[in-house]
Structures are given as structure tokens and as C-alpha cells.
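> Fold the following for me, if possible:
(one chain, ligands or ions: 2)
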Amino acid sequence: MINSKIPPIPPLTKDENASISPISNDEFSSPISSVGMGKFNDQYYMARALRLAKKGLWSTEPNPRTGCVLVRDGEIVGEGWHQVAGEPHAEIHALAMAKEKAVEATCYVTLEPCCHHGRTPPCTDALIKAGVTRVVAAITDPNPLVSKKGIEQLLKAGITVDTGILSHEAEQLNPGFFMRMRHKRPYIRCKLAMSLDGRTAMASGESKWITSQNARRDVQCLRARSSAILAGVGTVLADDPQLTVRENELSCKLSLEKPVVIKQPLRVIIDTHLSMPHDARMLSLPGQTLIFTASYNKTIKGILEKAGAIVVSQPNQEKRVDLPVLCQILAEEYEVNEVQMETGANLSGAMLSKGLIDEIVIYMAPVLMGNKARGLFNLPEIEHLNQIIPLSIVDIRAIGHDWRITAHPIYQ
Ligand code: AOF
Ligand code: ZN
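Ligands and ions are numbered 1, 2, ... in the order given. Presented below is the predicted three-dimensional model:
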């Protein structure tokens, strides 16, 4: 029986669900453990821990979204989720709820418990001290400070540890954290709006409002889960965009338990020649703007820095911004997990041809723009069919009158 004192997790709303990266068809492919088979098995409790973890979609970065459920004698005695970096981890919330009932309980947690002193003390110590006898972790932590060491500590303390339950889902919930820890770069999602005939802007560059307001509200949710938004200076010069998350425009509910000021994603502008206007609207908005340039012009750099921007000169041999290095800097110096690209066809094409785009989210509006209009990705190097980039489509759904297609490029 589930303890009636534990409030049920409210189901995700349709919109909340839609803004979470789709889970593939093999959602329930992880093995079911022979331990804990009864009315509710390990998978059941881990699925619940994952649902709790999803509540942290908007707020935990740079930390991973993590959930925890404590079960004793078939009864849920505590549960929690990591809400904000610097605050207690999921296990600590669950232990606080369970109090003495944590003794001899099983802890279901979506990530290997940490064993290091970061912004908070180690969860392994807290679990050992509380008398938990079994830990089921969906997946090992890719953070080298923790990886497998958390499990080792628990085993040393005589705790039974099982892993591999819904591990795929636990990783999918944290694509940026896993990418940053494993490959020292963020997970990059490229958002595009296009007509039914695959055009994204008129020949003049005019491109505002191809899709409906519903789609734009959905984009706000993707922004809200991102650590950074990437755009080219051309977009700044044409539209003077804000590139912010605006709470009143979100179609999803942020599942925060207390009122907090929304953390604005870092705004990253690629600006080869430093043509960013010093009075660009985003420079006076909450949040930070980071300009990557190939220029070393100290005077303009000084003006932009005075206007509030951080300017990083990072040219490659062709005197353009070095995109792979930019990604590495975002991960290593700014702890950026997920990047949302909102760029034109040139930058989108350049990022794609360097294999730097992990996910493409296309909003397709029921309009035709004609063949003079611009395409999605400028890829001049593609001339033959054997060079085309295949996509694996993982989700298609209607967003108002538009369609949203989510796909992963398959780089050969
Ligand atoms: C857990 N449970 O809920 C989370 C974990 O600076 P700190 O103390 O917040 O530690 C951050 C690291 O802890 C993070 O990089 C990741 O390795 C782990 N996250 N671990 O046991 C949690 N969020
Ligand atoms: Zn921890």
C-alpha cells in the first residue's frame, strides 16, 4: 500500500508533457529486477522517482534533474527531487520526509548518489547514516568526481546496490549534463520554424511569426529548460530580440514549490566582426550576454563590455569564430548543459556540418512560402545524394495549428 500521507504526484499536464524531450519507444525496455517483485516492483518506484526528477526540468542546471523515492515494507516513506543547484539533493529531501522510517528502507534514485563535497555534502553519507539497506540507482553518475565511487562507498558500508533500472530514461532526462560530463560540450538543440514547403525566411531575410502563438509559447518552454540560447549577430541586427524566458508566455507550468525568479538562460551571440549594437535590447535585460567574436578590436570590445556584455575573442584559422571551441568553453567555463539554437540558415548549417547539433526541433506552419524563400540549413558542401544528412525522427505532434517535429541528425 502507498502511504496515504504521501500526496500523489500531480500528473504532468499535456503541455508540460509536450515540452519534455520525447522518450523513445523502448521506454520500458530496462530489465525488471527480480528483487522487489510484488505488487510494485523496482521499475514502478524508479518510474515514480523519474517523474519527480522531471519536476526539476527548469531549475536544477547546472546540476542534473534527479528524483528519489524511499520504500520500506512496500510503503513509500519519503520522496523528493533536486530543485535548485546549491540546495539539497533528491535523496536529502526524501530522507527528511522519511525520518526514522528510512531505517532498512530501499532508496530508488535516478542517479548514483554523490559521494563528494560540492555545493552540498555527500548523499552517500546521509544514506548510510539514515540506515538505508538497499539503493537502486537508475544510472551511474558521469561526473568524474562521483562516477562509481558513490556506489563503492555504499557497498563498503554493507548496503546492497542495484543499477540499470530505467537508465535510458534517466539519461534522456539529462542530455546536457551527460554530454557535458562525457564529452566536455553541451547538448545542442536547434529550434527552427518553417513553412510546409521547408522555408524559414523570405529572400529578404524577413522571418518573424511564421508559426502561431501556440508554437511560440512552446518555444518559451524549450528556452526555460536551456542553460543558454545561441543566436547570430544577424538575428540581433534584424530583430533586436530579447532571447529571454517570459513567464506569462510559457505554455508549461514550472513545477517550483516556492516562488523564485526565473533564471534567464545565458545569451550567446556569435559575432565575427563585433557588429553587435551597444544598445541592443538584450544587453539591458536580466541575465548575461556572452559575445563570441573573431575580432580583437579593443575599442569595440570595451564599448560592449561597458554595455554589460562579456566578449570572448576566439578565432579559428579562417578568422571566424571557432565553433567547437565555443562549445567547449560553454561547457567548461559556464557549466552550460543544454543550448537552444535560434539561428538563421548560415549558422545552423555551419553547426550541423561540424556535427555539433544533437537535436532539431522544427515547428512547421501550414503555409507555403515559395521557392525564392530561404531554407533551414545552408549546407553548400552537399551536392550529391550520398552526402545528405539522415534524420531519426523521435516525435511529431500538433502544437496549435502547427506541427512540431523532433529529430536527431545521424552523422556518418
Ligand atoms: C545526487 N543527487 O539529486 C543530484 C546529484 O554541488 P552539488 O553538491 O549540488 O553537487 C553537484 C553534483 O552532484 C552534480 O554534478 C552531480 O554529479 C551530482 N548530482 N547527485 O546524489 C542529486 N542532483
Ligand atoms: Zn547528492
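
> Look up the closest residue to the residue positioned nearest the centre of the chain, ignoring the ones flanking it.
Centroid-nearest residue in the chain, with Cα atoms, centre = their mean: Glu338, separated by 4.2 Å. In space, and not counting its chain neighbours, Glu338 is closest to Gly176: 3.7 Å by Cβ to Cβ, 6 or more residues apart in numbering. (C-beta placed from N, C-alpha, C; glycine too.)

> where does that neighbour land in three-state SS?
For Gly176, the assignment made with DSSP: H, G, I helix; E, B strand; the rest coil gives helix.

> and it, how far is that from Lys184?
When distances are taken as Cβ to Cβ, to the nearest Å, Gly176 and Lys184 turn out to be 12 Å apart.

> How about Ile310?
Between Ile310 and Lys184 the distance is 20 Å, computed by Cβ to Cβ.

> so what's Val132 up against?
Each residue near Val132 by Cβ atoms under 8 Å, 6 or more residues apart in numbering is listed here: Leu70, Ala102, Val103, Glu104, Ala105, Thr106, Cys107, Ile159.

> Near Pro286, how many residues? Count them for me, please.
By the other Cβ atoms under 10 Å criterion, the neighbourhood of Pro286 contains 10 residues.

> And for the closest residue to it other than its chain neighbours, the neighbour number?
Distances taken as Cβ to Cβ, 6+ apart place Gln264 nearest to Pro286, at 5.3 Å, with adjacent residues excluded. With neighbours defined by other Cβ under 10 Å, the count for Gln264 comes to 20.

> cool, Ser295 as well?
18.

> Can you check the pLDDT for it?
As summarised for this prediction, Ser295 has a pLDDT of 97.

> Quick one, grab the pLDDT at the nearest residue to it once chain neighbours are set aside.
Counting by Cβ to Cβ, 6+ apart, the nearest residue to Ser295 once its immediate chain neighbours are dropped is Leu274, at 4.5 Å. According to the per-residue confidence, Leu274 scores 97 in pLDDT.

> Thr299 is in contact with Leu274, correct?
No: between Leu274 and Thr299 there is no contact under Cβ atoms under 8 Å: 9.4 Å.

> Give me the more crowded residue out of those two.
A count of neighbours by other Cβ under 10 Å puts Leu274 above the other of Leu274 and Thr299, at 19 against 8.

> Specify the local secondary structure of that one.
Of the three states, Leu274 takes coil according to three-state DSSP.

> which ones are touching it?
Contacts were defined as Cβ under 8 Å, 6+ apart; by that measure Leu274 touches Ile291, Thr293, Ser295, Asn297, Ile300, Lys301, Leu304, Val311.

> State the distance from it to ligand 1.
Here Leu274 is placed at a distance of 35 Å from ligand 1 (Cβ to the nearest ligand atom, to the nearest Å).

> And for Cys115?
As defined by Cβ to the nearest ligand atom, Cys115 lies at a distance of 8 Å from ligand 1.

> and that residue, that's in a strand?
No: with the criterion set as three-state DSSP, the secondary structure at Cys115 is coil rather than a strand.

> was I right about it contacting Lys149?
Yes: taking contacts as Cβ under 8 Å, Cys115 lies within contact range of Lys149: 5.1 Å.

> which residues touch Lys319?
Contacts for Lys319 were tallied using Cβ under 8 Å, 6+ apart; they are Thr272, Ala294.

> Could you give the secondary structure assignment for it?
coil.

> Val339 too?
Each residue gets one of three states, and Val339 gets strand by three-state DSSP.

> That one: neighbour count?
For Val339, the count of nearby residues is 29 (other Cβ under 10 Å).

> now do the one 4 residues further on
Other residues near Thr343 number 22, with proximity taken as other Cβ under 10 Å.

> So what sits opposite the residue nearest to it when sequence neighbours are not counted in the bridge?
The shortest distance from Thr343 to any residue other than its chain neighbours is 5.1 Å, reached at Gly232 (Cβ to Cβ, 6+ apart). Beta bridges link Gly232 to Ile270 when assigned by DSSP bridges.
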